[in-house]
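> A predicted structure for the sequence below; I have some questions about it.
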Amino acid sequence: MTVGFDLRVFDEHAEVCKVLAHPKRLMILYLLSGGERSVSNLADSIGIPIANVSQHLSRLKAAGLVRCKKNGQAVIYSITDERIPRACDLIRATLLERLRSQAQLAERIEGTGPMEAGDLI
């Protein structure tokens, strides 16, 4: 069976996912989804040094996920495509739903008392 797609798209998708595979970069994107911010504002909001935020922003920019502009001494960042935060929101919502289901299962299990051999049948 032949599937009509270009593998290069999947390669690019994987590269973007690699860039997104860091909690601080996800936090930066989340903050930028609310509007543009300076590097120092992002650093203050996340609680990490400006140098670390700059490194993360550099990776996000290289992947085409954010852009920057100079505003006097400050460098201001924004998201290049509003679909990126929405995609992250969908993934986060899926994960939260899974965690809620696991928590409900744990509560049910804890509430039943010790399991008997016959409970498995």
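Right, received. Where do you want to start?
> Where in the protein is the helix or strand with the lowest mean pLDDT?
Least confident helix or strand, the chain: helix 83-111 with a mean of 91, by mean pLDDT, DSSP states H and E.
> list the helices and strands that helix packs on?
If contacts are counted by 3 or more CB pairs under 8 Å, 6 or more residues apart in numbering; DSSP states H and E, helix 83-111 sits against helix 23-32. For glycine as for every other residue, the C-beta is placed from the backbone atoms N, C-alpha and C.
> buried ones in the helix it packs on?
Neighbour-count burial for helix 23-32 flags 25, 26, 27, 28, 29, 31, 32 (criterion: 16 or more other CB atoms under 10 Å).
> Compute the inter-axis angle for it and helix 83-111.
Angle, helix 23-32 to helix 83-111, by axes from the mean of the first three to the mean of the last three CA atoms, to 10 degrees: 120 degrees.
> So what's the gap between helix 23-32 and the chain middle?
Computed by CA atoms, centre = their mean, to the nearest Å, the chain-centroid distance of helix 23-32 equals 7 Å.
> what do you get for stretch 25-36?
Distance, centroid of stretch 25-36 to centroid of chain: 9 Å (CA atoms, centre = their mean).
> Then stretch 28-46?
14 Å.
> pLDDT averaged over it, what's the number?
The average pLDDT for stretch 28-46 rounds to 96.
> Many thanks, have a good one.
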